[in-house]
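In: all I have is the shape, not the residue letters:
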C-alpha cells in the first residue's frame, strides 16, 4: 500500500510538473504569436497609409493640398528605402550600430514633418497651405537628402573593415541630421501654431 501511495504521489508530481511546463510553453508561444501579429498589423497599416498618400497625391485636385500629399509621398518613399537598406545591413553589427542613432533621428524628424504635411494636406485654407509649402518642401528635400546619404553610407560601408572607416562614412549624415534637428524645432513650432490657428 505504501508503494502504491508513493507511486501515486510521484506520478502526480510528474503530471503537475508537465502541466506547468506545458502552460509555460503555451504562454511563450501565444506571446510570440501576438507580437508577430502586431508587427504584421503595423506593417500593413504603414503600407495602407503609404498607398493612401500615393493615391491622394495623384487624385486630389491640382493645388496646394495635392502638393502637400506629393511631399508626404516623397518623404515616405525615402524613409522606407532607408529602412530597407539599414535592415539589410543589420547583419553587419558595426554598420548597424554606427548608423542606428542617425536612422532613429531621421525617422523621428520624418514623422514630425509628415505630421506637418498631413496637417497642410487637410487644411481647407488654400492660401495658408500655399504660404507654408515652400518651407515644407525645403525640409522635405533636406530629409530626403539625409535619407539618401544614410543609404549611401550603408552601401559604402559594406566593404569597410575598420571602425574608423565606418565612422568616417557616417560623419556627413551626422552633420545633416544635426542641422535638421534645428529645423525640426521650427517645424514643431509651426505645427503647434497651425493647430492653434484653426
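Out: It's in. Values in this document were obtained by computation on a predicted structure and should not be read as measured data.

In: okay, CA-based contacts and neighbour counts for the rest of this
Out: OK.

In: and the one helix or strand residue 74 maps to, which residues are buried?
Out: Using DSSP states H and E, residue 74 sits in helix 64-88. For helix 64-88, the buried set under the neighbour-count rule, 16 or more other Cα atoms under 10 Å, comprises 64-80, 82-83, 85-86.

In: name the helices or strands packed onto that helix?
Out: Judged by 3 or more Cα pairs under 8 Å, 6 or more residues apart in numbering; DSSP states H and E, the packing partners of helix 64-88 are helix 2-59, helix 93-122, helix 126-157.

In: least confident of those, on average?
Out: If you rank those by mean pLDDT, helix 2-59 sits at the bottom with a mean of 73.

In: out of the helices and strands packed on helix 64-88, nearest to residue 193?
Out: helix 93-122 (10.7 Å; Cα to Cα).

In: the closest one vs helix 126-157, what angle?
Out: Comparing the axes of helix 93-122 and helix 126-157 via axes from the mean of the first three to the mean of the last three Cα atoms, to 10 degrees yields an angle of 170 degrees.

In: next, the angle helix 64-88 makes with helix 93-122.
Out: Going by the same axes, to 10 degrees, helix 93-122 makes 170 degrees with helix 64-88.

In: list the helices and strands helix 93-122 packs on?
Out: Contacts defined by 3+ Cα pairs under 8 Å, 6+ apart place helix 93-122 against helix 64-88, helix 126-157, helix 163-197.

In: tell me which of those helices sits most buried.
Out: Stretch with highest mean neighbour count among those: helix 64-88 (a mean of 20; mean count of other Cα atoms under 10 Å).

In: need the mean per-residue confidence for that helix.
Out: Averaging pLDDT along helix 64-88 gives 87.

In: so what are the domain limits for the protein?
Out: The chain is divided into the following domains under automatic domain parsing: 1-59, 63-197.

In: contacting residues for residue 129?
Out: Contacts for residue 129 (Cα atoms under 8 Å, 6 or more residues apart in numbering) come out as 64, 65, 120, 121, 123.

In: then residue 130?
Out: residue 64.

In: want to throw the helices and strands packed on helix 93-122 into TSV with distance to residue 34?
Out: Below are the helices and strands packed on helix 93-122 laid out as TSV (distance: least, Cα to Cα, whole Å):
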stretch	distance to residue 34
helix 64-88	22
helix 126-157	32
helix 163-197	34
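
In: and these: which comes nearest residue 105?
Out: Checking those against residue 105 by Cα to Cα gives helix 163-197 as the closest, at 7.0 Å.

In: hang on, the earlier thing: any chance of CSV for the helices and strands packed on helix 64-88, columns distance to residue 188?
Out: Output for these, formatted as CSV (distance: least, Cα to Cα, whole Å):
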stretch, distance to residue 188
helix 2-59, 21
helix 93-122, 7
helix 126-157, 12
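
In: nearest to residue 184, of the ones you listed?
Out: Judging the helices and strands packed on helix 64-88 by Cα to Cα, what sits closest to residue 184 is helix 93-122, at 6.4 Å.

In: buried residues, that closest one. List them.
Out: Neighbour-count burial for helix 93-122, with 16+ other Cα under 10 Å as criterion, is recorded at 94-96, 98-99, 102-103, 105-107, 109-110, 112-121.
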